[in-house]
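> Predicted coordinates and the sequence they were generated for:
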Amino acid sequence: MLQETRIVLRNVGEINPVSVEDYRKRGGYESLRKALTMPPEDVIAEIEKSRLRGRGGAGFPTARKWSFVLKAESEQKYVICNADEGEPGTNKDRIVLSNDPNSVFEGMAIAAWAVGADRGFLYLRFEYPYVFPILEQALQNARDAGCLGKNIFGTDFNFDITVVSGGGAYVCGEETALIESIEGNRGEPRFKPPYPGISGLYGKPTVVNNVETLANIPVIMDKGGEWFSKTGVPSCTGTKVFTLCGNIAQKGVFEYPMGTNLRDIFETHGGVKDNRDLRGFMLGGQSGNLINASQIDLPMDIDSCQQAESVLGTGTIMVIDDYTEILDIVENIMKFFIEESCGKCTPCREGNIRIYEVIQRINRGEGKMDDMILLEELAETMNIASLCGLGQNSSVAVITSMHNFREDYLKAIERGRRA
Amino acid sequence: MSKVKLTIDGLPVEIEEGATILRAADELDIYIPTLCYHPDQNVKANCRICVVEVVGMKLLVPACSYPATEGMAVLTHSQRVRTARRNILELILARHAQDCLHCDRSGFCELQKVSEEMHFLRTPRYPYVARSDYWDDSSPSIVRNSQKCVACGRCEYVCSNIQTVHALSKVGRGFEVNFEPAYGKKLGDSVCINCGQCIQACPTAALTIYDYTLRVWRAFADPQKTVVAQVAPAVRITLAEALGEAPGTISTGRLVTALKRVGFDVVFDTDFTADLTIMEEGTELLGRINNGGVLPMITSCSPGWIKFCETYYPDLIPNLSTCKSPQAMFGALIKTFYAKQIRKVPSDIFSVSIMPCTAKKFEAQRPEMGRNGYRDVDVVISVQEIARMIRSAGINFSNLPETPFDSPFGLGSGAGEIFGATGGVMEAALRTVYEIVTGKELDSLDFESVRGFEGIKEASVMVGDIKVKVAVAHGLGNARKLMDAIRAKEADYHFIEIMACPGGCIGGGGNPIKNWRKMGPRLEAVYREDKNMPLRKSHENPYVKKLYEDFLGEPNSHKCHELLHTRYVDRSYLLR
């Protein structure tokens, strides 16, 4: 039985989400106060010591991202909190934002101080309308208490946050599409480089961090990067907030140290629902990997997952029981990506639907072995040649399932041949 | 600027920091296929045809947007690159109606070129799926067929960013993406101003010129009809290019020969009515200056610009010169004065304009441009269309002898000829207005300050004791800046020339497919032609003078107003 290690979720269930007093009673905004006494370089150095990596999926070192923006010369810089948690089956950011919004605001304010920004945007997923008033109220209370706004804590540091609602597009979780959306354009990704750290919102240097990343920041500033780096594994420190979903007995959002074994998490939360057999997992959301039951001994951190040709991604663990057809899952995932492709680049715009057609054909028992070659080629092309993360990862489920559940494909094709 | 060293396909190259891989490859004469890339536009990096492999990187990168960096090793046709590129091309081809045999762009289609160069020799493995709502021929100028669309976004860029017309925009998401007017409108009912710059930007035949050549062939076959052609100033500059010769090859004499051989009975020169326009417009301008009329007066030769003004700036309609365009003036003269001269009823004359322009097709169909139930101009065909007619008549254009234009409308001045380039109308007007007002000859006829491709050009000229302030804009994005300044009462010009197309008529939508590299030689050719003309001032054109004496009276007379001037309508409802 595992015990949760709560860093990101430290205040969840302990405070009134909109109350800045509650948050401050538990040490809130003291980290910001402390950061404001330090030069920005020292704040970044502290984060660097923690070896914190981004929690949005890519795992880019946060301190390095910030130092790009700090070094970029510009009158105006921005901090954006990416709260467009669109990955199906992922709920961690919603839990943080609706229970402890101030920890995210404080993280944004520290980031702003560290890079020299004075405006922040929190881009909230369209499907989280009930969180919107919580954020607005919490923001107002924080402003009234002098923790945000003009002359924070009597210093000459100004920082305020605007909450922006998304329009319901999954692709806007991609940082440059999110920026386009805030600017009022079609939510389409930009090509990179230039990265947002150099040319982001309105062409200005911009930090874009995930909710979970930002919620870690106040703790690191409070207890020190050294302390933080002791949790987790050396290459990937701290905790990860996992969302358990699918055919698992106990669903929900739980926080464990990076590197915690998948089997331990799975067993702690009751294993497969209704005592069925385990077929496999879908890790990291719809853009993640399908692995089979034999791969269960997997340390859940960014690098270990990558070495095992899997992905930690957003930390979503979807459990698949033996009543579920893998090809149905893949078909469904492709349907999702057909819906969510923005249509900008060729591989993603045209590819998702073509993969779907082939998967559907195989699943119906009308497939041929040639289709396997076609799928492999097309999925690989989309993976390496698409413009943004959506197109690059939409076919990952196909690639991994063809590898880890090859027999399902072959059986379906065989079934068709006999019929 | 510091330089970076890298290798491409093993060959070393040095290039300034920040340059893309595509540029670096160009230095080495290594060709990388592109589709969404256009030399005159911003980089889009969305077609992904130009992907290359950077050694050590997991993902391929688009050569058009990815910067070359120090020590980088690029592979442009490794197995990974070739497979990815061919798969991407296959995806595009599966959405592209493959009817090259009877396609308008066959032979100069960028997709066809890429497909051929990549040696793609099979049918796509995917079933062909057409885009929904793919056909739109509601506009008299432009046909949209998104069966051919590769969703590169070049049309949207030129329409929205260069022309600021916003007729074409990206509609729908994912597989359903389409470039069309917003809210399901058809082009013909939209804010589209028919400039055809989208046709010039399109890599395929998703946007093409509305073809009217069949009506011309039919007229040739009708013994009742006298088929009369008028040829715009820019046509003699770009026609040879459309038939495979170098940009900037002037083909005036050969052009007349070719038209006669194709079947035209009479070939007139629109330079003539350009001179007439100068007489009318110059007189109108002097009238406005002397009588406190609405200033600045703005030229009205460019029908794309006219519709733009009617749509976006209807409050500035009083600023527009009431003069018809040279084509429309000619149309009116052919069906009245000339018809009488050759003793024909107007309906027995078939009047064809050969223009560098697609908006002229719209202009000719405006209700104002005709009388007593007949059209002044029956059909407008573009340079691309006449080039097709010449080819399909089996004429070897490069070897033709020269023929002069027919009288009485065959003589134009250099002033008329430079109407083909941005700043030309202004320069022609200045040559005439100066000499009429002062009675003195100009020392130099070359007004360099209004020439060239700068977006907005300004000049002031002392005409007698008035300091005349003028401005010239080409491309409607630039026009918009001037119009906003007029609206804000921040502009104190007397006279403004506006051409809808970047570069003026030589950059018009009906020309062979262009980019700015071809525009330089075209522009140079216009002024070369002007220099070589025996007459260089509109008011010295003897046939123009004679026309006033015999038929029109004096400039801006009642007869002139009836035939050579027009009125405009408020089209701002199109924005709703």
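Noted; the coordinates are in hand.

> mean confidence score for stretch A:9-25?
Averaged across stretch A:9-25, the pLDDT comes to 97.

> Endpoints of it, how far apart?
Stretch A:9-25 has its terminal residues 16 Å apart, counting by Cα to Cα, to the nearest Å.

> What residues of that stretch count as buried?
Buried residues in stretch A:9-25, counted by 16 or more other Cβ atoms under 10 Å in any protein chain shown: A:9-12, A:15, A:17-20, A:22-24. For the C-beta atoms, the positions are set from N, CA and C on the backbone; glycine is no exception.

> Tell me, how many residues neighbour residue A:192?
Residues near residue A:192, counting by other Cβ atoms under 10 Å in any protein chain shown, number 17.

> wait, what's in contact with the nearest residue to it once chain neighbours are set aside?
Closest residue to residue A:192 apart from its sequence neighbours, by Cβ to Cβ, 6 or more residues apart in numbering or on different chains: residue A:176 at 6.6 Å. The neighbours of residue A:176, taking Cβ atoms under 8 Å, 6 or more residues apart in numbering or on different chains as the test, are A:189-190, A:192, A:196, A:200, A:388.

> What parts of chain A come near chain B?
Counting by Cβ under 8 Å from any Cβ of the partner chain, chain A comes close to chain B at A:169, A:186, A:191, A:193, A:338-354, A:357, A:374, A:377-378, A:380-381, A:383-387, A:392.

> pLDDT for the contacts of residue A:176 - can I get that in CSV?
Formatted as CSV, the contacts of residue A:176 follow (pLDDT from 0 to 100):
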residue, pLDDT
A:189, 97
A:190, 97
A:192, 95
A:196, 97
A:200, 97
A:388, 96
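
> packing partners for the worst-scoring helix or strand of chain A on mean pLDDT?
When each helix and strand of chain A is scored by mean pLDDT, DSSP states H and E, helix A:406-418 comes last, with a mean of 91. Counting contacts by 3 or more Cβ pairs under 8 Å, 6 or more residues apart in numbering or on different chains; DSSP states H and E, helix A:406-418 packs against helix A:326-340, helix A:346-363, helix A:369-385, helix A:396-404.

> coming back round to it: out of the contacts of residue A:176, the closest to residue B:75 would be?
Ranked by distance to residue B:75 (Cβ to Cβ), the contacts of residue A:176 are led by residue A:192 at 20.6 Å.

> circling back to that earlier point, out of the buried residues of stretch A:9-25, which are inside helices?
Applying DSSP state H to the buried residues of stretch A:9-25, the entries found in helices are A:20, A:22-24.

> quick one on the thing from earlier: I'd like the next helix or strand past the helix or strand where the residue nearest to residue A:192 lies.
In this assignment (DSSP states H and E), residue A:176 forms part of helix A:175-182. Helices and strands here follow DSSP H and E; after helix A:175-182, the next one along the chain is strand A:206-210.

> ok, and what's touching that next one?
Applying Cβ under 8 Å, 6+ apart, the contact partners of strand A:206-210 are A:54-57, A:62, A:65-66, A:69, A:77-82, A:93, A:107-108, A:111-112, A:115, A:117, A:175, A:178-179, A:196-197, A:200.

> Only C-alpha atoms, please: export that strand in PDB.
Presented in PDB, the C-alpha positions along strand A:206-210 are these (Å, rounded to 0.1, in the frame of the first residue of the first chain):
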ATOM      1  CA  THR A 206       6.500  34.400 -22.700                       C
ATOM      2  CA  VAL A 207       6.600  31.800 -20.100                       C
ATOM      3  CA  VAL A 208       4.000  29.000 -20.600                       C
ATOM      4  CA  ASN A 209       3.800  26.600 -17.700                       C
ATOM      5  CA  ASN A 210       1.300  23.900 -16.700                       C
END
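
> model confidence over it, on average?
Here strand A:206-210 scores 98 as its mean pLDDT.

> Tell me which strands that strand pairs with, and in which orientation.
Applying DSSP bridges to the sheet, strand A:206-210 is found paired with strand A:78-83 (parallel).

> Please tell me I have it right and residue B:376 contacts residue B:331.
Yes. Counting by Cβ atoms under 8 Å, residue B:331 is a contact partner of residue B:376 at 3.0 Å.

> How confident was the prediction at the nearest residue to residue B:555 once chain neighbours are set aside?
In space, residue B:555 comes closest to residue B:283 once its chain neighbours are excluded; the distance is 3.9 Å by Cβ to Cβ, 6+ apart. Confidence at residue B:283, expressed as pLDDT, is 96.

> Can you name the residue of the stretch 351-500 of chain B nearest chain A?
residue B:477 (18.1 Å; Cβ to the nearest Cβ).

> related to what we said a few turns ago, now flag whichever of the buried residues of stretch A:9-25 is closest to residue B:276.
So of the buried residues of stretch A:9-25, ranked by how close each gets to residue B:276 (Cβ to Cβ), first place is residue A:18, at 76.1 Å.

> Please work out how many residues are found near residue B:566.
Counted by other Cβ under 10 Å, the residues lying close to residue B:566 total 21.

> got it, and the one 5 residues further on?
Applying the criterion other Cβ under 10 Å, we find 18 residues in the vicinity of residue B:571.

> what's near enough to touch it?
By Cβ under 8 Å, 6+ apart, the residues touching residue B:571 are B:307, B:310-311, B:314.
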